[in-house]
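[1] here is the input, now give the coordinates:
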Amino acid sequence: MIKKQALLAAFTLVFMLSGFSGLIYESIWSHYLKLLLGHASYAQVLVLAIFMGGMAIGSMVAAKLSKRLTNLILCYGVVELLVGILGILFHSVFTATQSFTFNHLIPSLGSPEFVHIVKWSIAAVLILPQSIMLGATFPLLTVGILRKFPEQPGNTIAKLYFANSFGAAIGILFNSFVILPAVGLPGSVMTAGIINIILSVIVYRMVKGDNFPQQPVKLESVNSINKYLLVIAGLTGVASFLYEIAWIRMLTMVLGGSTHSFEIMLAAFILGLAIGGFWIRKKIDRFKNPIIALALIQITMGVLAILTIPLYGKTFDFMSFVVSAIDRTDEGHFLYLLFSLLISLLVMLPATICAGTTLPLISYLLIQNKSGDSSIGRVYAWNTIGAIVGVALASQIIMPILGLKSVIVIGGGIDLLLGAFLLWVYRDKLENKRVVVGLVSSSAVIVLVFSSVVFDTKRMASGVFRYGMNLQTDNSEVVFHEDGKTSTVAVKRVGNTYVLVNNGKPDAGILLTQPGEDARYSADEPTMALLGALPYVYKPDAKLIANIGMGSGMTAHTALLNPDVTRVDTVEIEEEVFHAAKLFESKVGKIFNDSRSKVIIEDAKTYFAASQSSYDVIISEPPNPWVSGVAGLFTEEFYKDIQKYLSDDGVLVQWMHVYELNPELLATVYKALENSFEDIHIYQVATSDFAFVASNKTLVSDFNTLFEIDALSDELKKIDVMSSEDIEFRKLAGKSVLAALFESFPVPANSDYFPVLDYGASKARFKQETATGITQLRSAKLLREVSDEKFSEIERVMETVLIEDSEKYNLIQEFDRRLEENLLRGFSIESLDDNRSRHSGWAATYLKTCARDISTFKESSSEKIIEVVGWLFGFYPDAKMLKLLDDLESCNINRLSNLAQSWVKIHKLWLKQDYLSVKEVSDSILEKESLDSSFSRRVLSFNLAAQIKLGEKKQFSRSVSPQGYKNMMKDMELRSLIFLSEKGI
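    Numbering: from 1, shown residues only. Predicted structure coming up:
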């Protein structure tokens, strides 16, 4: 007896590991197939459908085989071996297939409809064989064990169902947070394959020498109940997957649409199934009337699913509390994920526990009704066929036509009707009919009442997962809300600003003023307009332009303001975005009304491959890369592929944000671009929005071009871009400077198969990290000079207030003005409203008076001079800066501190290109000063730059505190110089 129990426990553990590897496949396949299909939502739905379809076929095949074969456990081991071999080969097969599909097959197809059919067919061919085999595993092992251990069949079925489902839930989480980040997609799918092969060896050793023949259970009779049970297995599969698709879309607006969120939700769903199997394992063989138990479970499941409709609104409050209560740290991120799982479980667990009992219970009923043990495979097949139907109905029909809530209501109605049907058919078996009738009636009332609850679109558009939610102070109004095939799209109005919201995340904001009101602009409009205008700086003769991602439509509208352009193709994957953007038509009319504008509802990769057009400019403006599937538009493979659709001297303009992102992730995107294009520039188009401009030819800019096109010039002036200098000011760096900076980060290029950005961006979003330090490159004169990258010297004051460094330019003008005025007449330092302005006042006053009135200056004067010289150096023209330093030296400089005197001297020596003296002076300072101070770190920058100019290669080895080193690495110019000095250039 003990040996039997140990053997059964061992088989249970084997099947748990089989579930673990099986869900790694499902998770990884969705990553692979979104590279083929173009959108994570499509990939997730198609993987579910094909996976379930394969499982159904595998179950039916296993059901037939189980009637003829004896040692089914050995057959199970062989199947695990084959699954493992295919898993190990999958990556190589996929990459070869993808290359052939996009490079040869799709271009040869004429019709877009054929393209979809071909892609879906290829996706099916790629994962169907393994799915069929995985579908055979449950019937083969379960029936094999039942023949070996026929006692308590219900307990055995439920226990194995629990083990497989529990292993699956753990597998998807472990893969998402451990395996995939460590070894990428190829390593993950290979890991699953190795697990399968190991399991096959273990199973072989367990059954080797087994002397007990395992005969199939003979079919004695066919009861009419069996026909009903198989149909019920299929219909409850439909309902369960209606729930899954709906809950995932609903919770996406609570948890955020990241890859982590999707996998957490999927794990919660499967965990509920596992708990259901665990709960029923000891009860199933003791049910007095199992058919009535099944009926009541179906009714309960339908009611619990409907109750998630009113519960849904509360999940926003829960997430709002979580976001406001936990710190934005690594530990806080772990808690955030934990609470995300908890919220998913609160919504999904009650109904999925019920769902997890149905398959074991139906299988048990069929065996008890003498249908033979092969009925287990048939039940599994019908259930998975139902799942496929549920996935298709939810994503393609019910949600787009009837809305998100209707998916839950229809699923709940199916389960409720199934339960009522069983109670009616087997009413003679009821012991207390009045109680049951009351229960059914009450359930129907609950369903009707709570089905009438209306989803709060304001909560759904709140983006609660980012900043929390306060409905008391939220004065927004949702003016558009539609559930699309890939996302739920809304437009909310806050005052005169209309914001396009995608799955709860704001994507674009437009200020729509009424006649007579001051016509200003939203914070997003400079970004969108400049993305449409920047291409003409490099490609003024552009004729054919593609824009990936419609957003508000302003980018395409701006590009169309050039009358010489013949066509602008806007590729948008979600049709509801197109409908929502019509609300902005008064400001972006050209995308809708210009005959040169074409909007294509399609995945960008597929459209480019099918159209085979050659564009002069491609503008890529997708959502933030933490959104599941979007990071694939920032990969090395995507950039190399997109070159096939650019003309020889074509230009790519890639939008990138630096809010909710860290420098390491920005570096992965740059490296992907660097590995794909010959030349790259970067612009700051708004406070936290940037644009990479890339080409396979040397980028040559002509900023005046934009203002030679009247309509474009007028549009740019609406966002306070008044002249070519305002555009030039936004340019931060070219490729040589960018390479020096980003190569200093030890991260790989973002790749389809090693999705660094996809998995890192979600965490960076939560921690509210920022990569705004890259703006330091604008004033990084030392780095530019050692990299032989010259910028023109702009002296005019910027009109825009959207870029922080424009303040420095304004202060330069103020500094000049103070030098020219008689500052001692009524001048008050205290009247200046910020420290930098006060410091410019001190410095100007010092120069004007040559410090004759020593009582005017305090000991802090030296610090003020040091700061002002430092920030002027990055912006002042060299000749003007040299004159300023000469003036400082002639104005009683000995009254300043020794450090201030050395500081002035270093700058002057650098401008005179006396790099040896710069090194000597900086060496003498660094011998005495700790690198923990910002001053000494700046001196170190001069020291390293001088070494590079002198051709010295030196490993950086200075004593510095951990915090000091951290601060050094935040200084983008110093970080780059350390990298270059060690590398030697």
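
[2] contacts and neighbour counts: CA atoms only from here.
    OK.

[3] for the stretch 351-500 of the chain, give me the ranges with low pLDDT.
    Residues of the stretch 351-500 of the chain meeting the criterion pLDDT under 70: 370-373, 431-436, 438-439, 471-472.

[4] mind doing that once more with 80?
    The stretch 351-500 of the chain contains residues with pLDDT under 80 at 369-375, 427-451, 469-474.

[5] can you show me the strands along it?
    477-483, 488-494, 497-502 (DSSP state E, counting those that start in this stretch).

[6] what about stretch 952-971, distance to the chain center?
    Distance of stretch 952-971 from its chain centroid, counting by Cα atoms, centre = their mean, to the nearest Å, is 33 Å.

[7] can I get that stretch in PDB, CA atoms only?
    C-alpha atoms of stretch 952-971 as PDB (Å, rounded to 0.1, in the frame of the first residue of the first chain):
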ATOM      1  CA  GLU A 952      46.600  58.500 -23.000                       C
ATOM      2  CA  LYS A 953      44.600  55.400 -22.200                       C
ATOM      3  CA  LYS A 954      44.200  54.900 -18.400                       C
ATOM      4  CA  GLN A 955      42.100  52.600 -16.300                       C
ATOM      5  CA  PHE A 956      40.000  54.700 -13.900                       C
ATOM      6  CA  SER A 957      41.100  53.900 -10.400                       C
ATOM      7  CA  ARG A 958      40.200  56.500  -7.800                       C
ATOM      8  CA  SER A 959      39.000  56.100  -4.300                       C
ATOM      9  CA  VAL A 960      35.400  57.200  -4.000                       C
ATOM     10  CA  SER A 961      32.500  56.500  -1.700                       C
ATOM     11  CA  PRO A 962      29.600  54.300  -3.000                       C
ATOM     12  CA  GLN A 963      27.300  57.400  -3.100                       C
ATOM     13  CA  GLY A 964      30.000  59.400  -4.800                       C
ATOM     14  CA  TYR A 965      30.400  56.800  -7.400                       C
ATOM     15  CA  LYS A 966      26.700  56.600  -7.900                       C
ATOM     16  CA  ASN A 967      26.700  60.400  -8.400                       C
ATOM     17  CA  MET A 968      29.600  60.100 -10.900                       C
ATOM     18  CA  MET A 969      27.600  57.600 -13.000                       C
ATOM     19  CA  LYS A 970      24.600  60.000 -13.000                       C
ATOM     20  CA  ASP A 971      26.800  62.600 -14.600                       C
END
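
[8] follow-up on the earlier one: burial-wise, tell me which of the strands of the stretch 351-500 of the chain comes out on top.
    strand 497-502 (a mean of 25; mean count of other Cα atoms under 10 Å).

[9] so what does it touch, helix or strand wise?
    Here strand 497-502 touches strand 488-494, strand 505-511, going by 3 or more Cα pairs under 8 Å, 6 or more residues apart in numbering; DSSP states H and E.

[10] make CSV from those strands and add distance to residue 324 to it.
    Putting the helices and strands packed on strand 497-502 into CSV (distance: least, Cα to Cα, whole Å) gives the following:
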stretch, distance to residue 324
strand 488-494, 22
strand 505-511, 18
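
[11] now do the domain split for the chain, please.
    Here the domain assignment for the chain is 221-445, 525-779, 780-907, 914-985, based on automatic domain parsing.

[12] out of the ones you listed, which is closest to residue 120?
    domain 525-779 (12.0 Å; Cα to Cα).

[13] packing partners of the strand or helix carrying residue 336?
    Using DSSP states H and E, residue 336 falls within helix 330-368. The contact analysis (3+ Cα pairs under 8 Å, 6+ apart) places helix 330-368 against helix 153-174, helix 224-255, helix 259-280, helix 290-325, helix 375-392, helix 756-767.
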